[in-house]
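Peer 1: would you be able to build a 3D model of this:
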Amino acid sequence: MLYSPKSVFDPFSGEGFPDEFEMPVGYDEAQNGGNFLKIGVGRQIKADQKIYTNRDKHKISRVAPIGIVKNGMSVVFTQADALGENSYYYKKEILLSGNALRISHSLKNRGDKVFETLWYSHAFLPVQGAEGKLRIEIPAALNLQTDERFIVREKGAVELFVSYGISECEQTQKGICYVWTGRDSVNIQTIYSGERTVYKALGDYPLGLLQVFVNDRVISFEPKLRIKLVPEEVYDWSTEYYFN
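Peer 2: Numbers count the residues shown, from 1 in each chain. A predicted model of the protein is given here:
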């Protein structure tokens, strides 16, 4: 599972199963040079008034401490941070059982203001050594929004799903990111190598936005979840991953 998406490791690109809270807390009201909260990171410094992107590499003014507790095949990470009227508590648990990996999340608004964030996960998986053509299967309720080059729509195994064949990897050297959007649907994503199922993800939250990143080294399913919390509200979500 721990494969870099680039041939030369770049920690900014991540590896394995990192999470991203793409919408920080308190960014819009922060002044230039002021701080905002980046869940999972800490306090970051706002450089200008443009719309936030996670490629801006904002400087970190203070890292939020992370608690780690290991119990058998489970590891729990916790983090809490506050800035002005904004405050949150985040918990992530990773549980390994056989060929299944369950990752659970809990986010609480501890502040006095409503905040909104956009979470998504990566699942960087190796494509080297694939036994034949890679094929992915996603819910039919989602519609492809990006260029259909290097991807072929196929008939799904059942009417609720659609299969896509991924073209040869030399055509994806720089990486291609496909995007599907649609009404909230069942949250299941599958990767096949030939006819063999090598990966399946089952989320317990509705799926309305999905990215799939592919290059010559990795393929990564990246479901996105928009979360809006009033003060003291908690949102829990989880995904079970199966490997073969």
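
Peer 1: any idea which residue sits dead centre in the protein?
Peer 2: residue 121 (1.5 Å; Cα atoms, centre = their mean).

Peer 1: shaky segments in the chain?
Peer 2: Along the chain, the model assigns pLDDT under 70 to residues 1-16, 128-132, 148-150, 155-159, 167-174.

Peer 1: contact partners for the residue nearest to the centre of the chain?
Peer 2: Going by Cβ atoms under 8 Å, 6 or more residues apart in numbering, residue 121 touches 17, 18, 19, 20, 103, 222, 223, 239. All C-beta spots, glycine's among them, are computed from the backbone N, C-alpha and C.

Peer 1: how about 6 Å then?
Peer 2: Contacts were defined as Cβ atoms under 6 Å, 6 or more residues apart in numbering; by that measure residue 121 touches residue 19.

Peer 1: for it, give its distance to residue 54.
Peer 2: Distance from residue 121 to residue 54, counting by Cβ to Cβ, to the nearest Å: 13 Å.

Peer 1: now do residue 202 against residue 187, distance only.
Peer 2: 7 Å.

Peer 1: ok, now which ones touch residue 241?
Peer 2: Contact analysis of residue 241 by Cβ under 6 Å, 6+ apart lists 101, 201.

Peer 1: just the element for it, please.
Peer 2: strand 234-243 (DSSP states H and E).

Peer 1: the residue lying closest to residue 236 once chain neighbours are set aside: what secondary structure?
Peer 2: Nearest residue to residue 236 in three dimensions, chain neighbours excluded: residue 106, at 4.8 Å (Cβ to Cβ, 6 or more residues apart in numbering). Secondary structure assignment for residue 106 (DSSP: H, G, I helix; E, B strand; the rest coil): strand.

Peer 1: pretty sure residue 106 sits against residue 238.
Peer 2: No: using Cβ atoms under 6 Å, residue 106 makes no contact with residue 238, being 9.2 Å away.

Peer 1: correct me if wrong: residue 22 contacts residue 119.
Peer 2: No: Residue 22 is not in contact with residue 119 according to Cβ under 6 Å; the separation is 7.4 Å.

Peer 1: neighbour count for those two, which is higher?
Peer 2: Ranked by neighbour count (other Cβ atoms under 10 Å), residue 22 and residue 119 place residue 119 first, with 22 against 15.

Peer 1: bridge partners for the more buried one, pull those for me.
Peer 2: Beta bridges link residue 119 to residue 21, residue 225, judged by DSSP bridges.

Peer 1: was I right about it contacting residue 21?
Peer 2: Yes: in this structure, residue 119 is within contact of residue 21 by Cβ under 6 Å, at 5.4 Å.

Peer 1: cool, thanks, talk later.
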